[in-house]
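Undergrad: just need the structure, nothing else, for what follows:
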Amino acid sequence: MKEIKAWVRELGLAVIMVWVLVLLGAGSARALTQEEEIRQLKAQVQMLLKRIEELEKRQAQTEKAVEKKAPVNWRAYWKNGFRIEYKNPEKNREYRFRFRTGIQLRYTYMSRDEDFSGGNENYSSFTMRRLRFFVDGTAPNRDWKYYVHVQLEPKSKVNVHDAFVIWQKYAPFVKIQFGRMKIPAMSVEYWQSGFKQNGTDRTIFTDDSENYWPYSALKTHTDIDSTSKTGKPYLRVGGHLLANGFPRGGMLLYRSQGVDLNGALDLFGRKQFLAYWLGVYNGRDTQGNRNTRSDDHLYAFRLAFNLLPGSDPRGPLGPGTFNNYFMQGDYGYNTTPALALLLSGFWTKDRPKTYLYWDGSGSYKTAGSNHDIENYGFDLALLFRYKGFSADVEGAWEEFIQDPDKGNKYTPGNYASTLRADEETWDRLGFRVNLGYFLVPRKWEVTFKYAYLDRFTDDKLEDAVKCGLGILETDDGKYALEDYMQQFVLGVNYYFHGFNQYITADVSYLRIDTAKPSLGEINKVNRELGVSIPTDQWSDQTQEDWRFRVMYQYWF
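TA: Numbering: from 1, shown residues only. Predicted structure coming up:
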């Protein structure tokens, strides 16, 4: 910089000298001939040009010396997170680092149904729903991308939710992703980020977020799952598998470690018409090493078809439309309709060591015996965005088989013998609709959500006991079987700065329909267990709860 200033100063002096000479020459025109005047001016110009050339050489040498001591191109700035970038094209280096923090603070009030056990007191709570750190970027160049997501909520231990690397040299057509990640099958609602929901949280199709609903007490038991002694089958996201491997949460697979091949292809004259994910993982809802009793894994796929492209010029995977299908609502405000069809499925086997059964005296029992289980399912979803209106419609079905191909080898008078080879098949299904509309684009949005979940379709006493969901208890001492759940939600959202800062509130109607076991079922259990379960202590009444929630999200 000093050399530049000196050069400018000398150039200015030279120009002044030239003009002085011109004026002097004009004043002494009579003393000099025109030819002599031109000759002197040329000499002055030549001297000035030579001096400029010398200064340019010195400046170039100075800049070259600075480049050797400092990076070719680096910068630090904030844009949806704190970012540091460094580029060195000569060495094919491009390091990018972004750090983000996400906070969700929520208040919940719930009016509980007093007809069911545990519903005598309503629920009121301030909760830090999420407190997360996110780190992502590229290293050592754009061919390699990394992502780390850490959970820090006070109610939970520190946990690495996601930690994966993506090799994307041939993106968007082919990418290889490996590490810990969400399994790309089943619930699209879960696939959509918890920080990009157009409401306080997901529906019961996936989970119920705070682990307090459904709350109705079960018949006491000793060990339904490996993490809780209470036995209440709360809807869960992580940790949603019972000790026998049966899922108590919604229609999701959660996370696991594995390898995933994904990308997007241009087909039928449409940019990125097909997006795909194909992966193999340790198993459903696993952390660390998988159960070493089995060498089986989980296989999953997801296909997304870009039926209508939307208005984002970067294609359907750009942030103006589906943002890699990871967000809800039409915050991008598509002026051209965007429509995508998603199909996914999975298959897995595992080998737990626990069966669940009921001894008829009010207690669950567990029997230890290694056995196979098989689990598979399919999910279909339709996503639509247009001029602030959004619609997500999704349905899923799955089947769980305990001890496949073994048959039921029950020995009369010895019910526990059944547990050595107890083949059972349980189906489950769910459905949801999520509607949103921006009354004021990118500011005010109203939403309506509906969800239906049937965690086991065979409403039989024996099935309820063996799968682990168990028996509900009414406030008057009677019992009931869980039939199916429903949720209706009306909400409003205000976006200060998109999903980086917004506030949302909703009112929910939560309903559980119950069923009575048949007289034949009760007599069968009495006969096999040698007990006497009353036939008149059963109810099929409906549990109805109301809930109000308001949440503030700050993502920076």
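Undergrad: next structured bit after the helix or strand containing residue 299?
TA: Element membership for residue 299 (DSSP states H and E) is strand 298-309. Scanning forward in sequence from strand 298-309 by DSSP H and E, the next helix or strand is strand 338-350.
Undergrad: for that following strand, packing partners?
TA: On a contact count with 3 or more Cβ pairs under 8 Å, 6 or more residues apart in numbering; DSSP states H and E, strand 338-350 meets strand 298-309, strand 373-386. Placement of C-beta: from N, CA and C, glycine included.
Undergrad: helix or strand right after it?
TA: strand 354-358.
Undergrad: tell me the strands beside that next one, with direction?
TA: Note on strand 354-358: by DSSP bridges, its sheet partners are strand 364-368 (antiparallel).
Undergrad: quick one: mean pLDDT over the strand it pairs with.
TA: Here strand 364-368 scores 64 as its mean pLDDT.
Undergrad: what comes up buried for stretch 477-493?
TA: 478-487, 489, 491-493 (16 or more other Cβ atoms under 10 Å).
Undergrad: kindly apply the preceding question to stretch 535-552 instead.
TA: Those would be 538-539, 541, 543-545, 547, 549-551, for stretch 535-552 by 16+ other Cβ under 10 Å.
Undergrad: can you give me the mean pLDDT across it?
TA: Averaged over stretch 535-552, pLDDT sits at 91.
Undergrad: report the distance from it to the chain centre.
TA: Centroid separation for stretch 535-552 versus its chain: 28 Å, with Cα atoms, centre = their mean, to the nearest Å.
Undergrad: state the next helix or strand along the chain beyond the lengthiest helix in the chain.
TA: Across the chain, the longest stretch assigned as helix under DSSP state H is helix 34-69. Going down the chain from helix 34-69, the next helix or strand is strand 73-78, by DSSP H and E.
Undergrad: quick one, the helix or strand just after that next one and strand 73-78 angle?
TA: Next helix or strand after strand 73-78 toward the C-terminus (DSSP H and E): strand 82-88. Strand 82-88 and strand 73-78 meet at an angle of 170 degrees, taking axes from the mean of the first three to the mean of the last three Cα atoms, to 10 degrees as the criterion.
Undergrad: distance of the most centrally placed residue in the chain from residue 553?
TA: Taking Cα atoms, centre = their mean, the centroid of the chain lies closest to residue 193, which sits 3.3 Å from it. Computed as Cβ to Cβ, to the nearest Å, the residue 193 to residue 553 distance reads 11 Å.
Undergrad: for the strand holding residue 299, buried residues please.
TA: 298-302, 304-309.
Undergrad: contacting residues around the residue nearest to residue 537 when sequence neighbours are not counted?
TA: With Cβ to Cβ, 6 or more residues apart in numbering as the measure, residue 478 is the residue that lies nearest to residue 537, at 5.2 Å, once sequence neighbours are left out. Taking Cβ atoms under 8 Å, 6 or more residues apart in numbering, we find residue 478 in contact with 537-539.
Undergrad: and which of those is nearest residue 215?
TA: Nearest to residue 215 out of the contacts of residue 478 is residue 539 (Cβ to Cβ; 16.7 Å).
Undergrad: residues contacting the closest one?
TA: 474, 478-480, 514, 516 are the contacts of residue 539 under Cβ under 8 Å, 6+ apart.
Undergrad: can you lay out those residues as TSV showing secondary structure, distance to residue 48 and pLDDT?
TA: Listed next are the contacts of residue 539 as TSV, based on DSSP: H, G, I helix; E, B strand; the rest coil; distance: Cβ to Cβ, whole Å; pLDDT from 0 to 100:
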residue	secondary structure	distance to residue 48	pLDDT
474	strand	102	82
478	coil	106	82
479	strand	103	83
480	strand	100	86
514	strand	98	91
516	coil	105	89
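Undergrad: in JSON lines: the residues you listed, plus distance to residue 131.
TA: As requested, the contacts of residue 539 are exported to JSON lines (distance: Cβ to Cβ, whole Å):
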{"residue": "474", "distance to residue 131": "38"}
{"residue": "478", "distance to residue 131": "42"}
{"residue": "479", "distance to residue 131": "39"}
{"residue": "480", "distance to residue 131": "38"}
{"residue": "514", "distance to residue 131": "36"}
{"residue": "516", "distance to residue 131": "44"}
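Undergrad: farthest-apart pair in those, please.
TA: 474 and 516 (11.5 Å).
Undergrad: and for these two, which residues touch both?
TA: Joint contacts of residue 474 and residue 516 (Cβ under 8 Å, 6+ apart) are 480, 539.
Undergrad: what residues does the closest residue in space to residue 327 that isn't next to it in sequence make contact with?
TA: Leaving aside its chain neighbours, residue 327 sits nearest to residue 196 (3.6 Å; criterion: Cβ to Cβ, 6+ apart). With contacts defined as Cβ under 8 Å, 6+ apart, the neighbours of residue 196 are 323, 326-328, 499.
Undergrad: kindly report the same for residue 392.
TA: Residue 392 neighbours (Cβ under 8 Å, 6+ apart): 188-189, 328, 381-384, 432-434.
Undergrad: so in terms of bridging, what pairs with residue 448?
TA: Residue 448 has these beta-bridge partners by DSSP bridges: residue 435, residue 490.
Undergrad: ok, residue 337 touching residue 383?
TA: No. With contact defined as Cβ atoms under 8 Å, residue 337 does not count as touching residue 383 (11.3 Å).
Undergrad: who touches both of the two?
TA: When contacts are counted by Cβ under 8 Å, 6+ apart, residue 337 and residue 383 have no shared neighbour.
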